[in-house]
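[1] Give me a 3D structure for the following:
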Amino acid sequence: MRVAIVINTAWNIWNFRRSLVQALQAAGHEVLAIAPPDAYSARLETELGCRFVPILMENKGTNPLKDAALTRRFYQLYKREQPDVVLHYTIKPNIYGTLAARLAGIPSVNNVSGLGTVFIVKNLVSKVALGLYKFAFQFPKRVFFQNGDDRQLFVSNGLVEAAKTDLLPGSGVDITRFQPAAEFRRNAPFVFLMIARVLYEKGVEEYFEAARLVREAAPGTRVQLLGGIDESGGVGVKRALFEQWLAAGHVEYLGTSDNVAELLAKADCVVLPSYREGTPKTLLEAAAMGKPIVTTDVPGCRETVVDGSNGLLCQVRDAADLAAKMLQILRLPEAGLEQMGRAGRELAVTKFDEQIVLDKYLAVVTEVGKNRTGRR
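    Numbering: from 1, shown residues only. Predicted structure coming up:
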């Protein structure tokens, strides 16, 4: 079968759906990667062997004329390429790609990988988004959610029929690629690492304030941030302000990297004070590598931590509580830190192995695409 994977950036396909592409190919399917072109577009073709199909898509904003034009572009693309199944991710493909697939007579499967700003900030835009979800989500054959809170929110608000839904353990984690070090070693000074785009909703502002408090209590502690700056859409921290925060000297900014595993290996504890997530892949990778986690007690994040076992949960939007939990981890004896890491690895292996995700996708592609085969 010809299977299309549709996301808002080629970077996203490369970083989060690479294993799915490979699993689909191994099962004998042809894979189309559909996204706005970026620096990763060529790699999808040269290194993964799937065909990249570009589409113009503005990821931010809710201009109805632009969104209508996007639906038309999706429709034209689907009619031209004739996939047997379309796998949608992120809000605009989930809504406008689904409508286009319906018009083109092609079955679709959606993945709600996080609710984003529209559910965190209650305003007119969020109300419009809810209405669009309710209309579009009549049509997919299956809707995957990455945590039970998100699924319940959609079902209880009448946005999707419960019978269409299923749960995934996030995007899963490659437990072979992400493994603990052969020998446990605590850094001196201690190293905290946050991996996220520089967005307010990721808790970046709280992280900077917590870094100040931690370093006042434990001078010399290293507090690092890895992730791209994103000023678009009004949800990202402006570069000028971000540079002011950095000038205080409490956080080391690492920019971006294609080798997250290498940086995770050098950290003692991974932190994500996000306001809400699907299930953060970086926390799954941290757990798989035996790193204790500090994250917020919110949907998506709380799924990755058994509080007190493989990490600690803190209050959302509370820098003081975040700092207290970071210090609690820092002050653990070496044996306690190592035990937390072992518990995280066990959780990753038993609950978040990406093979669980891949098996569900392979099954649903076979199920919903079987009636399309041979119709191109």
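[2] what is the rounded mean pLDDT of stretch 41-56?
    When the per-residue pLDDT values of stretch 41-56 are averaged, the result is 97.
[3] List the buried residues of it.
    Burial within stretch 41-56, assessed by neighbour count using 16 or more other CB atoms under 10 Å, is assigned to S41, R43, L44, L48, C50, F52, V53, I55. Where you see a C-beta, it was placed from the backbone N, CA and C, and this is true even at glycine.
[4] can you check stretch 139-157 too?
    Residues of stretch 139-157 classed as buried under the neighbour-count rule (16+ other CB under 10 Å) are 140, 142-147, 149-151, 153-155.
[5] Let's see which of these end up in strands.
    Using DSSP state E, the members of those that fall within strands are R142, V143, F144, F145.
[6] residues in contact with the third one?
    By CB atoms under 8 Å, 6 or more residues apart in numbering, the contact list for F144 reads V109, N110, N111, V112, T165, D166, L167, L168, K360.
[7] Bridge partners for the fifth one, pull those for me.
    Which is T165. V143 (DSSP bridges).
[8] Can you give me the neighbour number for it?
    Applying other CB atoms under 10 Å, we find 20 residues neighbouring T165.
[9] For it, give its distance to S171.
    17 Å (CB to CB, to the nearest Å).
[10] Next, format the contacts of F144 as JSON lines and append pLDDT, distance to Q328 and secondary structure.
    Below are the contacts of F144 laid out as JSON lines (pLDDT from 0 to 100; distance: CB to CB, whole Å; DSSP: H, G, I helix; E, B strand; the rest coil):
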{"residue": "V109", "pLDDT": "98", "distance to Q328": "41", "secondary structure": "strand"}
{"residue": "N110", "pLDDT": "98", "distance to Q328": "39", "secondary structure": "strand"}
{"residue": "N111", "pLDDT": "97", "distance to Q328": "35", "secondary structure": "strand"}
{"residue": "V112", "pLDDT": "94", "distance to Q328": "33", "secondary structure": "strand"}
{"residue": "T165", "pLDDT": "98", "distance to Q328": "37", "secondary structure": "strand"}
{"residue": "D166", "pLDDT": "97", "distance to Q328": "36", "secondary structure": "strand"}
{"residue": "L167", "pLDDT": "95", "distance to Q328": "31", "secondary structure": "strand"}
{"residue": "L168", "pLDDT": "95", "distance to Q328": "31", "secondary structure": "coil"}
{"residue": "K360", "pLDDT": "97", "distance to Q328": "36", "secondary structure": "helix"}
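[11] Out of those, grab the one that's most surrounded.
    Neighbour counts for the contacts of F144, by other CB under 10 Å, peak at N110, which reaches 30 neighbours.
[12] That residue is in contact with Y96, isn't it?
    No - between N110 and Y96 there is no contact under CB atoms under 8 Å: 11.8 Å.
[13] What ranges does the stretch 151-300 of the chain have for its helices?
    204-217, 239-247, 260-265, 281-288 (DSSP state H, counting those that start in this stretch).
[14] highest average neighbour count across these?
    Of all those, helix 281-288 has the most neighbours on average by mean count of other CB atoms under 10 Å, namely a mean of 27.
[15] which among the buried residues of stretch 41-56 gets closest to A323?
    Within these, distances to A323 taken as CB to CB reach their minimum at R43, with 38.8 Å.
[16] least confident pick among the ones in strands among the buried residues of stretch 139-157?
    Among these, F145 carries the weakest pLDDT, at 95.
[17] I'd say that one and D166 touch.
    Yes - using CB under 8 Å, F145 is in contact with D166, at 7.4 Å.
[18] Report how many residues lie close to F184.
    When neighbours are defined as other CB under 10 Å, F184 has 14 of them.
[19] Contacts only, for it.
    Residues touching F184, when contacts are defined by CB under 8 Å, 6+ apart, comprise G290, E334, L337, E338, G341.
[20] one more time with 6 Å, if that's ok
    Contact criterion CB atoms under 6 Å, 6 or more residues apart in numbering gives E338 as the residues in contact with F184.
[21] Next up, phi/psi of it, please.
    The phi and psi values for F184, taken as degrees, to the nearest 10, are phi -70, psi 140.
[22] Quick one, grab the pLDDT at it.
    In this prediction F184 is given a pLDDT of 95.
[23] do the same with the one 10 residues further on
    The score at M194 is 98. That number is its pLDDT.
[24] my guess is it meets V270, correct?
    No - counting by CB atoms under 6 Å, no contact exists between M194 and V270, whose distance comes to 7.3 Å.
[25] give me the low-pLDDT residue ranges for this structure?
    Judged against pLDDT under 70, the low-scoring parts of the chain cover residues 60-62, 64, 116-122, 233-234, 372-376.
[26] and the closest residue to A196 other than its chain neighbours, how many neighbours?
    Beyond its immediate neighbours in the sequence, the residue positioned closest to A196 (CB to CB, 6 or more residues apart in numbering) is K202, lying 4.0 Å away. Applying other CB under 10 Å, we find 26 other residues in the vicinity of K202.
[27] right, and K202 touches I195 too?
    No - counting by CB under 6 Å, I195 is not a contact partner of K202; they are 9.5 Å apart.
[28] Endpoint to endpoint, stretch 162-169 covers what distance?
    Using CA to CA, to the nearest Å, the span of stretch 162-169 from its first residue to its last is 18 Å.
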